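**Q** Next comes the sequence, and after it the predicted model I'd like to discuss.
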Amino acid sequence: MATKSNLLKKVPKKKRRVTQIEADEKYTGSEQEFVGDILTRDQIQHGFNYYCYHKGVKDAKTFIADFLIAEDRKDEAKQVKACPDVFVISTYGWLARMKTRGATFDVEMNVDDRLEQHIQYLCKQGSLKKEVVAEKKEQRAQGPSIQDRIKDQSDEMDSQFQEWVDTYVGSPNLFNPIIIDPYSYLQSSNCTQAHARRIKKDWEAELKEFNEALKGIDEDLKEGYSHLLKNKRM
């Protein structure tokens with residue numbers, strides 16, 4: 001005969017529900033605390049793998065802003081937060097997160113300088129966004145021509161392509177061009193056919209110059225593109 005005490009013993013204990021990130025971390029491991037010696041490339045890659053699996057570009061931007069706040073650079077953190085997500089290269093968000101969690105990088109890897117350059121770029125884009133909003137209000141009041149608007153908007157969209165090229169040329173080990181999705185970027189920027197034609201025209205001129213530099217006939221062009229020709233990156 002079952003007694004009250006026996007029945008109570010048979011009641012299963014309520015198990016705590018496992019979160020999605022806890023379930024995923026069985027495969028990726030948990031987020032690292034980067035304290036101690038200078039990080040090896042394997043440790044950095046492990047960190048990249050973790051953040052790429054669990055986080056996205058919005059998290060990367062938040063990590064950069066958090067890093068700046070921890071460094072008492074609150075004004076710059078506000079500018080980064082104001083920056084559109086499309087300008088954020090996630091790799092630098094992961095590096096910022098590692099630094100916030102105590103990471104130290106090899107000086108020869110130039111990580112700190114590259115991270116700082118990207119931070120300044122994001123700050124600039126954050127400021128430009130506010131300026132663009134103000135300019136658009138002023139333009140509406142002044143009644144600018146449609147061509148002027150298309151030119152300005154196209155130049156703004158085109159600046160991201162130039163940033164991608166500059167980043168890859170300057171930091172090929174930290175930037176993987178495979179992650180770039182130009183079509184999605186242009187869609188998110190509300191690119192029209194008129195914008196696309198202007199952007200295409202600019203890059204056709206750039207390609208023509210580069211092909212001339214490859215021929216080595218024009219010394220000025222050859223010198224201007226020497227940093228690309230030497231390393232054969234493009």
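**A** Done, it's in. Keep in mind that what you see is a predicted model, and the values were worked out from it rather than measured.

**Q** Spit out the contact partners of F67.
**A** A96, R97, K99, T100 (C-beta atoms under 8 Å, 6 or more residues apart in numbering). Heads up, the C-betas are built off the backbone N, CA and C, glycines and all.

**Q** no no, S30
**A** S30 touches nothing, counting by C-beta under 8 Å, 6+ apart.

**Q** how close does it get to F210?
**A** S30 sits 46 Å away from F210 when distances are taken as C-beta to C-beta, to the nearest Å.

**Q** For I38, pull up the helix or strand it's in.
**A** For I38, there is no helix or strand it lies in under DSSP states H and E.

**Q** Got the phi and psi for it?
**A** Phi and psi for I38, reported as degrees, to the nearest 10, are phi -60, psi 140.

**Q** you'd agree it is up against G102?
**A** No - using C-beta atoms under 8 Å, I38 is not in contact with G102; the gap is 11.5 Å.

**Q** which residues touch the most centrally placed residue in the chain?
**A** Residue closest to the average C-alpha location in the chain (C-alpha atoms, centre = their mean): I89, at 1.1 Å. By C-beta under 8 Å, 6+ apart, the contact set of I89 is A60, H118, T167, F175.

**Q** Give me the buried subset of those residues.
**A** Buried residues within these, counting neighbours by 16 or more other C-beta atoms under 10 Å: A60, H118, T167, F175.

**Q** Go through those and flag which are in strands.
**A** Judged by DSSP state E, these include no members of strands.

**Q** what's the most distant pair in these?
**A** A60 and T167 (14.3 Å; C-beta to C-beta).

**Q** any idea how the chain splits into domains?
**A** 27-143, 145-234 (automatic domain parsing).

**Q** which SS state does the nearest residue to H118 once chain neighbours are set aside fall under?
**A** Nearest residue to H118, sequence neighbours excluded (C-beta to C-beta, 6 or more residues apart in numbering): Y92, at 4.4 Å. Put simply, Y92 is helix when judged by DSSP: H, G, I helix; E, B strand; the rest coil.

**Q** Does Y92 touch D113 like I think?
**A** No - in this structure, Y92 is not within contact of D113 by C-beta under 8 Å, at 11.6 Å.

**Q** Turn the buried ones among the contacts of I89 into JSON lines, including distance to S159.
**A** Output for those, formatted as JSON lines (distance: C-beta to C-beta, whole Å):
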{"residue": "A60", "distance to S159": "20"}
{"residue": "H118", "distance to S159": "14"}
{"residue": "T167", "distance to S159": "12"}
{"residue": "F175", "distance to S159": "17"}
